[in-house]
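Q: The amino acid sequence is not available; the structure is as follows:
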């Protein structure tokens, strides 16, 4: 065993320097990539948002199918179908008067569901860390998996719906010609919904 150990050391002699070089290359690559991403976001925010949104929306689908996460796949399909329809309505020209309200209500609903899901998941994780799951005779592994899953669902769909909502608000604001650099997408969506509500109210009175 000593002879084999010595042979192994002799065989891998000098690899420490190579490993150090690999670590330095990795760190340098991460730093350069981060700087490039920041510059891309500052100079071309629209393309940056579109590419990152597409990747965040599509990439999990590959792992879902590969690892057979059917529950996530079903929720992803339902969310994608409704969001695709809402986004399609928001990008049409001319803009239908009821579209801003539809966009506002849908993404507000997803926001509330994601927020509540994240809160429940966080509470489940904290209760598991404090051992309160034993009061309900639930295994720590099951309780922690449940909490982390809810946290992931709330975080993932919360970020995803925020990006889609900003994109739809930008499209609708640019369609009706109501947009400025100092206007946020959230305020644009709110004003668009208010305008559509006032128009519908006036039509009903007329």
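A: Done, it's in. Fair warning: this is a prediction, and the values are worked out from it, not measured in the lab. Numbering: from 1, shown residues only.
Q: Tell me where the model's unsure across the protein.
A: For the chain, residues meeting the criterion pLDDT under 70 lie at 3, 5-6, 8-19, 177-206.
Q: Show me the helices in it, by range?
A: With DSSP state H as the criterion, the chain has helices at 2-11, 15-43, 45-67, 70-90, 99-129, 140-176, 185-205.
Q: Put together JSON lines for these, with mean neighbour count on each row.
A: For every residue, glycine as well, the C-beta is placed using N, CA and C. What follows is the helices of the chain, written out as JSON lines (neighbours: other Cβ atoms under 10 Å):
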{"stretch": "helix 2-11", "mean neighbour count": "8"}
{"stretch": "helix 15-43", "mean neighbour count": "10"}
{"stretch": "helix 45-67", "mean neighbour count": "12"}
{"stretch": "helix 70-90", "mean neighbour count": "15"}
{"stretch": "helix 99-129", "mean neighbour count": "17"}
{"stretch": "helix 140-176", "mean neighbour count": "18"}
{"stretch": "helix 185-205", "mean neighbour count": "15"}
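Q: how about residue 168, what does it touch?
A: Residue 168 sits next to 86, 87, 90, 91, 103, 107, 189 when contact means Cβ atoms under 8 Å, 6 or more residues apart in numbering.
Q: among those, which two are most distant?
A: The largest separation in the contacts of residue 168, counting by Cβ to Cβ, is between 91 and 107 at 14.7 Å.
Q: which ones are touching residue 117?
A: Counting by Cβ under 8 Å, 6+ apart, residue 117 has contacts 150, 153, 154, 157.
Q: Tell me how far the residue nearest to it when sequence neighbours are not counted lies from residue 147.
A: Distance criterion Cβ to Cβ, 6 or more residues apart in numbering; nearest residue to residue 117, sequence neighbours excluded, is residue 154 at 3.8 Å. Residue 154 sits 11 Å away from residue 147, going by Cβ to Cβ, to the nearest Å.
Q: anything in contact with each of those two?
A: With Cβ under 8 Å, 6+ apart, residue 154 and residue 147 have common neighbours residue 121.
Q: Would you mind listing the residues in contact with residue 113?
A: Residue 113 neighbours (Cβ under 8 Å, 6+ apart): residue 157.
Q: What separation do you get for it and residue 150?
A: Counting by Cβ to Cβ, the gap from residue 113 to residue 150 is 11 Å.
Q: Then residue 90?
A: For residue 90, the distance to residue 150 - Cβ to Cβ - is 29 Å.
Q: Over to residue 73?
A: 17 Å.
Q: Brilliant, that's me finished.
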